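Enquirer: Next one to model:
(one chain, ligands or ions: 1)
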Amino acid sequence: MRFDVLVLGGGTAGCALAARLSESPERSVCLVEAGPDYGLYAGGRWPDDILDARSLAFSHAWETDGEDRSQLRARILGGCSAHNACVVLEGAPSDYDDWGHGWSYDTVRPHLQRAREQLRTRPTTEAELTPWHRAFAEAAPDAILHPVNAVGTLRWNAAFAYLDPARSRPNLTILGDVLADRVRLDGTRATGASTSAGEIEAETVVVTAGAYGSPGILLRGAGASRRRRPLRPRRGRVRVRADGGVPPRDPRVRARASRADGPGHGGDPQQSLPRGRL
Ligand SMILES: Cc1cc2nc3c(=O)[nH]c(=O)nc-3n(C[C@H](O)[C@H](O)[C@H](O)COP(=O)(O)OP(=O)(O)OC[C@H]3O[C@@H](n4cnc5c(N)ncnc54)[C@H](O)[C@@H]3O)c2cc1C
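Expert: You can find the predicted model right below:
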């Protein structure tokens, strides 16, 4: 199999990306998801707990080491948007303005608006408050009743929001129940991925397997093949800007990573690898 773009992980981000990237009929896109794809919402095959926005859903969770829910992640098309609390909270405009070069509320606002519409975001109504929430709201008059991405009590997950309108596109392939193992490399260039469905070649590889899944795929690929050492926190910086490039000046957003045995670092394996069995 060969595609222009291969998206690994069909969660919240992966569904949005695969749908947006396949808007161009010239571009072939493949979305790989470890969990099941129940198809169109209208097909009626989605499990009840995944559809019910009134409580968190647990039927499609990755296996974890602990039972305290701190590692809870969904393994299903739509990812955590398919089992989460549907709370839609945007930052204050001044926060976006504060992000630095290339970012501002004005540049982000149209994208927030589009996401709001696509996710069918609506206000929470007074009638939906639980007794606890009602007491809290009465005690704190400034408290915000947050919006929700729900149609009535239906959790409107990213698969419904983004993939349903895109599923009929011949240039979009969705592979459910397929586990991505590692990104394949030709030197330093990503050329595809090894998956439980075999090798998939692509011009561009996007890793959207979530906070636990993405590092796992990357560590088994580039990290494992080149050095076989886990990533470790360090004083290096990765800078990002609104268009995904590297800004010339220091923004407020940065991440830190280097090798476990890099200068000045002792080993604490618990910090380097996710504990969930991903
Ligand atoms: C219980 C819970 C409640 C939450 N409530 C809210 C809320 O109310 N409001 C809010 O804004 N946020 C909420 N969040 C957070 C929000 O859901 C996440 O931040 C968001 O879904 C993350 O999106 P993502 O695309 O990065 O990852 P995910 O949505 O987790 O998607 C990752 C996808 O990749 C797949 N995957 C992982 N590894 C592989 C692999 N090796 N091969 C193939 N596929 C793989 C997974 O199965 C998953 O579908 C909640 C999160 C949880 C866990």
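
Enquirer: wouldn't Leu56 be in contact with Val87 here?
Expert: No - under the criterion of Cβ atoms under 8 Å, Leu56 is not in contact with Val87, lying 11.3 Å apart. From N, CA and C alone the C-beta is placed, and that goes for glycine too.

Enquirer: Residue numbers of the stretch 151-278 of the chain in contact with the ligand?
Expert: 179-180, 208-210, 213, 217, 278 (Cβ under 6 Å from any ligand atom).

Enquirer: What's the nearest residue in the stretch 151-278 of the chain when you look at the ligand?
Expert: Distances between the stretch 151-278 of the chain and the ligand by Cβ to the nearest ligand atom are smallest at Gly213, namely 2.6 Å.

Enquirer: Only the buried residues of the strand or helix carrying that residue, if you could.
Expert: Here Gly213, judged by DSSP states H and E, is contained in helix 210-218. By neighbour count on 16 or more other Cβ atoms under 10 Å, the buried set for helix 210-218 is 210, 212-218.

Enquirer: For Val5, give me phi and psi.
Expert: Dihedral angles phi and psi of Val5 (degrees, to the nearest 10) take the values phi -130, psi 130.

Enquirer: contacting residues around it?
Expert: Val5 makes contacts with 21, 27-30, 202-206, as judged by Cβ atoms under 8 Å, 6 or more residues apart in numbering.

Enquirer: before we move on, back to that, quick check, pLDDT for the residue of the stretch 151-278 of the chain closest to the ligand.
Expert: pLDDT recorded at Gly213 is 96.

Enquirer: before we move on, what about Glu128?
Expert: pLDDT at Glu128 comes out at 89.

Enquirer: measure it to Tyr212 for me?
Expert: Using Cβ to Cβ, to the nearest Å, Glu128 is found at 31 Å from Tyr212.

Enquirer: Work out the gap between the helix holding Gly213 and the centre of the chain.
Expert: In terms of Cα atoms, centre = their mean, to the nearest Å, the gap separating the centre of helix 210-218 from the centre of its chain is 10 Å.

Enquirer: Report all helices and strands that that helix contacts.
Expert: strand 180-186, strand 198-207 (3 or more Cβ pairs under 8 Å, 6 or more residues apart in numbering; DSSP states H and E).

Enquirer: Quick one: the ones you listed as CSV, columns for distance to Arg155, mean pLDDT and mean neighbour count too.
Expert: Formatted as CSV, these follow (distance: least, Cβ to Cβ, whole Å; pLDDT from 0 to 100; neighbours: other Cβ atoms under 10 Å):
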stretch, distance to Arg155, mean pLDDT, mean neighbour count
strand 180-186, 25, 96, 18
strand 198-207, 25, 98, 18
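
Enquirer: Asp95: which of those is closest?
Expert: Set against Asp95 and scored by Cβ to Cβ, these come closest in strand 198-207, at 26.4 Å.

Enquirer: Could you tell me how many residues sit around the nearest residue to Gln118 once chain neighbours are set aside?
Expert: The shortest distance from Gln118 to any non-neighbouring residue, by Cβ to Cβ, 6 or more residues apart in numbering, is to Ala161 (4.8 Å). Applying other Cβ atoms under 10 Å, we find 23 residues neighbouring Ala161.

Enquirer: again with His60
Expert: 20.

Enquirer: so who does it touch?
Expert: His60 neighbours (Cβ under 8 Å, 6+ apart): 35-36, 47, 50, 74-76, 82-83.

Enquirer: What of Leu77?
Expert: 10, 15, 33, 35-38, 159, 163, 174, 176.
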